[in-house]
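**Q** fold the following and give me the result.
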Amino acid sequence: MYRTNRRTFLAASATGIAGFSGAGVSAAQENATRMSAPAGKAKSTILFFLCGGASHIDTWDMKLKAPREYRGPFDPINTSAPGITLCEHLPLLAKQAHHLALINSVSSSVNTNDHHAGYYYNLTGHEADQSFRTLGNNRTPFPDDWPYMGSVVASRRPAHEFLPNAISLPHMPSRKPYTRPGQFAAKLGVQHDPMYLLGDQKEPTKFTAPSLELQAGIDNGRLETRRNLLTTLDDARRDFETFAATRTWNQQTERAMSLLASSSTASAFDISNESAAVRDRYGKSVNAMSLLMARRLVEVGVPFITVFWLGHGIGTSLAKKCRSAGSWDTHGSNFDCLKEDLLPEFDQCFSALIEDLSERSILDETLLLITSEMGRKPKIGDPRSGGVNGAGRDHWTHCLTDVMAGGGIKGGQTYGASDRFGEYPADKPLTPADVTKTVYHAMGIENLEAKDRQNRPFNLLTEGQPITKLF
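**A** So this is what the prediction gives:
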């Protein structure tokens, strides 16, 4: 048998073939759904996921009348929207508050109160099952998991001309073998897995799709030869794989080859085309450049883009200060980590994204969503950092704030409320299922029916209702 280069297999994996071999929807059913889905106002969604569990009580849902051991030292700041109060360390975003809708009453299941379950629930809309409790951090993604909302959106849109319908960047959380569940297509089918663009803290303007990189000396002519080799390999696979699996292999191989051969792919990923002024407005970090890349992908019509906040990594100075991996998991020195590091970077890059989309007149057709795997415990003091003296906040899945903008969302409003300590929803309680359904509603996706391998119908998300009052 011919042997293909490992890069070629990785090219296929970029669009999902090396992922999980879960069930998918039939081609006929997919096409029918895409044709029948009503056109929503949002053509694309950018999900900004603040990895680690961002503190709701120190940013969006400040409790000014709570005792200091809850509210902390931060003060509020006036914003461009009457009725919306933000943390004083979000001055740039305060000027964009008239675009924001703050959803202050999102409650998740406690389950294991950890990151894996938090990712899964907030990315899929489905409550984490018992396996998350029994396996903890060893609970890796399963083939029969519920699909990521980005994969659902991708499956309901016609194939993009030269890019995947779902792209995630600048990393795949988290370091193997602790890959977070919930960020893949799973039972929907690997053909709907997102493609990952990888960023680098040291070179934030450079993004790579290793699965789409050709080795030196391989031009389009040699690429065609590789295509022929894959055809030979495919013929061999037909002898021992089912038709459905072979069809998926064909689709993914052809997709990977098209991506490799397209000059438009390289152009879309080349952030150096942006002016220095634009790059400076977003900021110098890899997270900032990831949001700028997301805006570029919106402009070329990618339906769903996810930016997973990239922390500085275990062992770095920020990680040591926060007693975490250097992201929003502020087990120690919560207020210093927010004030000196996390909030300034976030404030600059996310306010720049809103401003940029608005100035280009595409904010109204681009839904923005900020979420995280959990909020932070309102009462200050985390045992792992020395209690009250460590000034950290522990995990808190009982309540968090999600933020939406654009995509038909009416800005300058809050929806729901937490109690006086920010511990539990007190008015209009919601779950991540409601938020996920709201994303689908904004994207005009009403039909959530799919079929399993035995051609049996199932619903991708029965729980929750869209928050229509936001629109």
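**Q** all the strands of the stretch 201-350 of the chain, in order from the start?
**A** Assigned by DSSP state E, counting those that start in this stretch, the stretch 201-350 of the chain shows strands spanning 304-308.
**Q** which stretches of it form helices?
**A** 220-237, 243-261, 263-268, 276-282, 286-299, 317-322, 334-337, 343-359 (DSSP state H, counting those that start in this stretch).
**Q** check the stretch 351-471 of the chain too.
**A** For the stretch 351-471 of the chain, the helices defined by DSSP H, counting those that start in this stretch cover 432-442.
**Q** what bits of it have low per-residue confidence?
**A** Applying pLDDT under 70 to the stretch 351-471 of the chain flags no residue at all.
**Q** show me where it has strands.
**A** 366-371, 375-376, 395-396, 400-405, 413-415, 417-418, 425-427, 449-451, 457-459.
**Q** return the helix or strand in this protein with minimum mean pLDDT.
**A** For the chain, the helix or strand with the lowest mean confidence is helix 6-14, at a mean of 35 (criterion: mean pLDDT, DSSP states H and E).
**Q** dump the residue contacts of the residue most central in space within the chain.
**A** Most central in the chain under CA atoms, centre = their mean is Thr306, positioned 3.6 Å from the mean C-alpha point. With contact set as CB atoms under 8 Å, 6 or more residues apart in numbering, Thr306 has these partners: 46-47, 49, 150, 166-169, 183, 194. Placement of C-beta: from N, CA and C, glycine included.
**Q** quick one: secondary structure of the closest residue to it other than its chain neighbours?
**A** Spatial nearest neighbour of Thr306, excluding adjacent residues (CB to CB, 6 or more residues apart in numbering): Ser168 at 4.2 Å. Under the three-state scheme (DSSP: H, G, I helix; E, B strand; the rest coil), Ser168 adopts strand.
**Q** so what's the residue count around Ser168?
**A** 26 (other CB atoms under 10 Å).
**Q** and what of the one 4 residues further on?
**A** Residue crowding around Met172 was assessed by other CB under 10 Å; the count is 16.
**Q** now it. Nearest residue, chain neighbours left out?
**A** Closest residue in space to Met172, ignoring its immediate chain neighbours: Tyr196 at 5.2 Å, by CB to CB, 6+ apart.
**Q** could you do Lys95 as well?
**A** Nearest to Lys95 is Ser80, by CB to CB, 6+ apart, at 5.4 Å.
**Q** again, but for Pro383
**A** Asp394 (7.6 Å).
**Q** OK, contacts around that neighbour?
**A** Contact analysis of Asp394 by CB under 8 Å, 6+ apart lists 331, 376-377, 382-384.
**Q** now rank those residues by neighbours and give me the top one.
**A** Within the contacts of Asp394, Arg376 tops the neighbour count with 30 neighbours, counted by other CB under 10 Å.
**Q** circling back to that earlier point, Throw the strands of the stretch 351-471 of the chain into a markdown table and include distance to Ala294, thanks.
**A** As requested, the strands of the stretch 351-471 of the chain are exported to a markdown table (distance: least, CB to CB, whole Å):
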| stretch | distance to Ala294 |
| --- | --- |
| strand 366-371 | 9 |
| strand 375-376 | 24 |
| strand 395-396 | 27 |
| strand 400-405 | 13 |
| strand 413-415 | 24 |
| strand 417-418 | 29 |
| strand 425-427 | 30 |
| strand 449-451 | 27 |
| strand 457-459 | 29 |
